[in-house]
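**Q** Sharing a sequence plus its predicted fold:
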Amino acid sequence: MYRRLIRDIPDFPEPGVVFKDITPVLANRAAFTALVDEMAEPFRNAQIDKVAGIEARGFILATPVADVLGAGFVPIRKPGKLPAEVIREDYELEYGTDALEVHRDGIQAGDRVLIVDDVLATGGTAAAASRLVHRLGGDVAGVSVFIELGFLAGRRALDGTPLHSLVVYD
Ligand code: AMP
């Protein structure tokens, strides 16, 4: 059901990248409901305290997943967006570096945290999000993504953290 609703946009946002546009999935009520349910499914009995969503498309999926799991929602954002005290992690991109921040009080020591994003590509983003959670004393119970670009081997960057993906492109 999902594959026919995922739209490939070649050369976006830059030449050579095939962007996986999930807006047709989000706009389809049956697909969106199923997607939220399936992303949460393996973690239903995992006593998740917080679902951490990665800016920006991760937010769209993480908030309903948090609701399904009865967990809180914590935003992980690009630098300079969060208003209170933050910690920051830098990570490598193909060209250059990027960074993510989380509020220092967003996660308490011992919290069980599920990280949610739309697409896992090289895994650098999800790995940086995991490091943020660990630095605050949180326990990363898993990473749940809608789409995994298997050919980029992002799973390996997660160092054994359980990864749940609904659609895998090889
Ligand atoms: P990475 O750190 O390489 O795993 O990249 C993952 C992040 O970049 C996620 O937040 C995705 O939203 C975004 N991303 C990477 N590649 C794509 C793609 N082909 N289509 C859509 N989003 C992507």
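**A** Happy to help now that I have it.
**Q** just how off-centre is stretch 135-155 within its chain?
**A** Centre-to-centre, stretch 135-155 and its host chain are 7 Å apart (C-alpha atoms, centre = their mean, to the nearest Å).
**Q** do stretch 148-164 as well
**A** The answer for stretch 148-164 is 12 Å, by C-alpha atoms, centre = their mean.
**Q** List phi and psi for the closest residue to residue 3 other than its chain neighbours.
**A** Excluding its sequence neighbours, the residue lying closest to residue 3 (C-beta to C-beta, 6 or more residues apart in numbering) is residue 167, at 6.3 Å. In short, each C-beta sits where N, CA and C put it, glycine included. As for residue 167, its main-chain torsions (degrees, to the nearest 10) stand at phi -130, psi 130.
**Q** what's the answer for residue 56, then?
**A** With angles defined as degrees, to the nearest 10, residue 56 sits at phi -110, psi -30.
**Q** all helices of this structure, in order?
**A** 23-26, 29-40, 57-69, 124-135, 154-157 (DSSP state H).
**Q** Reformat these as TSV; add distance to residue 81, mean pLDDT and mean neighbour count.
**A** Formatted as TSV, the helices of the chain follow (distance: least, C-beta to C-beta, whole Å; pLDDT from 0 to 100; neighbours: other C-beta atoms under 10 Å):
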stretch	distance to residue 81	mean pLDDT	mean neighbour count
helix 23-26	22	98	17
helix 29-40	24	98	16
helix 57-69	11	98	20
helix 124-135	14	98	21
helix 154-157	24	95	18
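**Q** Tell me which of the ones you listed sits nearest to the ligand.
**A** Between the ligand and those, the shortest separation by C-beta to the nearest ligand atom is 3.3 Å, and it involves helix 124-135.
**Q** how near is residue 159 to residue 43?
**A** Per C-beta to C-beta, to the nearest Å, residue 159 is found 19 Å from residue 43.
**Q** okay, those two: which has more neighbours?
**A** Neighbours per residue (other C-beta atoms under 10 Å) separate residue 159 from residue 43, with residue 43 holding more: 22 against 10.
**Q** Any idea which of the helices of the chain gets closest to residue 83?
**A** Closest of the helices of the chain to residue 83 is helix 57-69, at 15.9 Å (criterion: C-beta to C-beta).
**Q** Name the residues linked to the residue nearest to residue 3 by a beta bridge.
**A** Per DSSP bridges, residues listed as beta-bridge partners of residue 167: residue 147.
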